[in-house]
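S.K.: pasting the structure only:
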């Protein structure tokens, strides 16, 4: 079976971890500071703060922006549940606005209406599947409505919008380094911001509310959301490979999109002008999704559904209402195919053949 993801650890990652183990400083330490600096430089941000995972990064970013009890945050219903959970963990209430049916990202017009209707305090944008959202539109809304703008970049390492890295458009941004992402640290996350105050508050919040050099100067309530040096060591190696991996993902995506040109009933993902898709997922749309999924499995090609249920329809969100028909339709039709950089030419040939070329396509 051609897998949907293929996290890779080679000699360099093993050597980097060995060095940390031999050093003995396996928890937070200088290795984390080095990874933070290198990730901030890669993205073009002033500050980066490593965290234990992507959800912790989102939660800490919201806390640092003073989003909490009584506040509302407009976000997308088509995302991993962590996007909305982080809002609730901060004490605020998520409000779900509809998506753009072509990009699957939060629709700026729908978000703007939701901000005004609910007198919202922030917008949390998700760059779903690795495709940047329309960030200039969201920056304009945030400025006009005087609300904070947070980017969920958990799936978008290496993606750019108008030539600028995602994670550098809002007041704060959160990345995830879960094993299926475009790069991984095993588990891990990162917060980016250009705001000195937010950076200081995030660093304090993830470290039990400590400030300054006094280990027992807990000036605010916080969490232990710190990244380990072991994770940072892996991340530094993976970050060096990220540009090549994203390039491979984009090449693989072009091959799949070309193959789908003449295939009826399967819509390839779009890449609007000015965006550079990082293709964490190559997500097609098919009305007969389950039939396609079964067909691919029979041909030895794995696939996945991200996400089958809009967040507001999950059990944990009982009582949350939302009018999001585009998101609900997408949840019934999206299907992600293998696009990772570990795919061989033979793998791609097999996927293309399974999807059905004009020459030999078998109706699904």
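M.R.: Perfect, thanks for sending it. Computed from a predicted structure; not experimentally measured.

S.K.: can you pull the contacts of residue 70?
M.R.: 91, 92 (Cβ atoms under 8 Å, 6 or more residues apart in numbering). From N, CA and C alone the C-beta is placed, and that goes for glycine too.

S.K.: can you pull out the strands in the stretch 1-150 of the chain?
M.R.: 47-51, 72-75, 93-96, 122-126, 148-152 (DSSP state E, counting those that start in this stretch).

S.K.: name the helices or strands packed onto the last one?
M.R.: Other helices and strands packing on strand 148-152, by 3 or more Cβ pairs under 8 Å, 6 or more residues apart in numbering; DSSP states H and E, are helix 54-64, strand 122-126, helix 135-145, strand 172-176.

S.K.: contacts for the second one, please.
M.R.: I take that to be strand 122-126. Outside strand 122-126, the residues that touch it by Cβ under 8 Å, 6+ apart are 58, 62, 65, 67, 71-76, 79, 83, 86-87, 92, 94, 105-106, 111, 115, 133, 135, 138, 141-142, 147-152, 154-155, 170.

S.K.: quick one: strands adjacent to that strand?
M.R.: strand 72-75 (parallel), strand 148-152 (parallel) (DSSP bridges).

S.K.: kindly report the same for the last one.
M.R.: With DSSP bridges as the criterion, the sheet partners recorded for strand 172-176 are strand 148-152 (parallel), strand 189-193 (antiparallel).

S.K.: out of those strands, which gets nearest to residue 127?
M.R.: strand 148-152 (6.8 Å; Cβ to Cβ).

S.K.: what's in contact with the closest one?
M.R.: 58, 61-62, 65, 67, 73, 79, 83, 121-127, 133, 135, 138-139, 142, 166-167, 169-174.

S.K.: at 6 Å instead, please
M.R.: With contact meaning Cβ atoms under 6 Å, 6 or more residues apart in numbering, strand 148-152 is reached by 61, 65, 83, 122-126, 138, 142, 167, 170-174.

S.K.: next, the buried residues of stretch 233-245.
M.R.: 233, 234, 235, 236, 237, 238, 239, 241, 242, 245 (16 or more other Cβ atoms under 10 Å).

S.K.: would you map the strands across the stretch 151-300 of the chain?
M.R.: 160-161, 164-165, 172-176, 189-193, 275-276, 282-285.

S.K.: redo those strands as a markdown table? Include mean neighbour count.
M.R.: Formatted as a markdown table, the entries for these read as follows, by neighbours: other Cβ atoms under 10 Å:
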| stretch | mean neighbour count |
| --- | --- |
| strand 160-161 | 20 |
| strand 164-165 | 18 |
| strand 172-176 | 30 |
| strand 189-193 | 29 |
| strand 275-276 | 22 |
| strand 282-285 | 23 |
